[in-house]
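In: What follows is a predicted structure for the sequence shown.
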Amino acid sequence: MALIHSTALVDPAAELAEDVSVGAYTVIGPEVVVGAGTRIGPHCVIEGRTRIGRDNQIFQFSSLGAAPQDKKYAGEPTELHIGDRNTIREFCTFNRGTAQDAGVTRVGDDNWIMAYVHIAHDVQLGHKTILANNATLAGHVHVGDWVIVGGLTGVHQFVQIGAHAMVGFATALSQDVPPFMMIDGNPAQARGFNVEGLRRRGFSRVRIAQVKQMHKLLYREGLTLENARAQIEALRGGTDADGDADLALMLEFLERAKRGIVR
């Protein structure tokens, strides 16, 4: 049997693995599914078509799976999917998707999500990210793996943040952030690339040097974005398979960037 506090209200139709724990006064709706090893604190509300994976820790006063804050929403059966091993701290709010997008808000695995974070409808959050206190992701935002978003940062709807990027404290972000880059400010500006983060993730000196070269081409040579992309493309084959994968990550991101990149 799941470990459910006597004051919690868990709908009989909800599907909880046998070892899920649920704290006092938490409310869980009928369409919720929770995987093994997940711990849900007191005073949480989990509703809608919400799927939560294994070994997550959800702290008190979080609201997960509520209807999207979108005036176009008309009660469509949209969803929230949360992966495995995430830490979700106090007062977080994650909304379901909308019919105008994929219909699903997704949170990946191994994310560290601090207090008061808002993840709006249709956000696609990758793996191993850190979202600091009061980070706010508007609708349709996409965040790559290993991204760090500083506290009190607001991310405009439809913005994309590439893998391994870092967005500093209290940034107002309305354009896309290329992979590996460090951005902060209001208006947001590029400050460098995330060299320390790459070192901690085991990037070789050769790979880091190539990321530095991509940063130089995008931000230090006075090139148009089209010319910078061409010169980044010309770097292919200069290192190893991992280095070429980093180039591909950057080029694919720049190809799909629709809002313009922070420069």
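Out: Received it, and whenever you're ready, just let me know what you need.
In: For the protein, which segments count as helices?
Out: 195-200, 205-219, 225-233, 241-256 (DSSP state H).
In: of all those, which lies closest to K71?
Out: Nearest to K71, of all the helices of the chain, is helix 241-256, at 27.1 Å by C-beta to C-beta. C-beta here means a position set from N, CA and C on the backbone, and glycine is covered the same way.
In: tell me what that closest one is packed against?
Out: With contacts taken as 3 or more C-beta pairs under 8 Å, 6 or more residues apart in numbering; DSSP states H and E, helix 241-256 sits against helix 205-219, helix 225-233.
In: Including distance to R54, could those go into a markdown table?
Out: Converted to a markdown table, the helices and strands packed on helix 241-256 look like this (distance: least, C-beta to C-beta, whole Å):
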| stretch | distance to R54 |
| --- | --- |
| helix 205-219 | 32 |
| helix 225-233 | 39 |
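In: I figured V117 hits V143, correct?
Out: No. Applying C-beta atoms under 8 Å as the test, V117 and V143 come out as separate, 11.5 Å apart.
In: Can you check which residues contact both of those two?
Out: L137 (C-beta atoms under 8 Å, 6 or more residues apart in numbering).
In: more crowded one of the two?
Out: V143 (28 against 25; other C-beta atoms under 10 Å).
In: Check the more buried one and give its pLDDT.
Out: You'll see V143 listed with a pLDDT of 98.
In: same thing with the one 3 residues further on?
Out: Predicted confidence (pLDDT) at W146: the value is 98.
In: Surely it is in contact with W112?
Out: No. Using C-beta under 8 Å, W146 is not in contact with W112; the gap is 11.3 Å.
In: For those two, indicate the residue with more neighbours.
Out: W146 (23 against 14).
In: and the more buried one, what are its phi and psi?
Out: Note on W146: backbone dihedrals following degrees, to the nearest 10 are phi 70, psi 10.
In: Who are the contact partners of it?
Out: With C-beta under 8 Å, 6+ apart, W146 has these contacts: G126, H127, K128, T129, A163, H164, G197, R201.
In: Tell me which residues touch the closest residue to the first one other than its chain neighbours, please.
Out: Just to be clear, that refers to G126. What sits nearest to G126 in space, not counting adjacent residues and going by C-beta to C-beta, 6 or more residues apart in numbering, is D145, at 4.0 Å. D145 makes contact with G108, G126, H127, K128, T129, A163, H164, according to C-beta under 8 Å, 6+ apart.
In: just to revisit the earlier point, check the contacts of W146 against L251 and report the nearest one.
Out: Comparing the contacts of W146 against L251 with C-beta to C-beta places A163 closest, at 13.0 Å.
In: burial count for the closest one?
Out: By other C-beta under 10 Å, the residues close to A163 number 20.
In: pretty sure it contacts G126?
Out: Yes. A163 lies in contact with G126 (C-beta under 8 Å); the separation is 7.0 Å.
In: shared neighbours of the two, anything?
Out: With C-beta under 8 Å, 6+ apart, A163 and G126 have common neighbours G144, D145, W146, V147.
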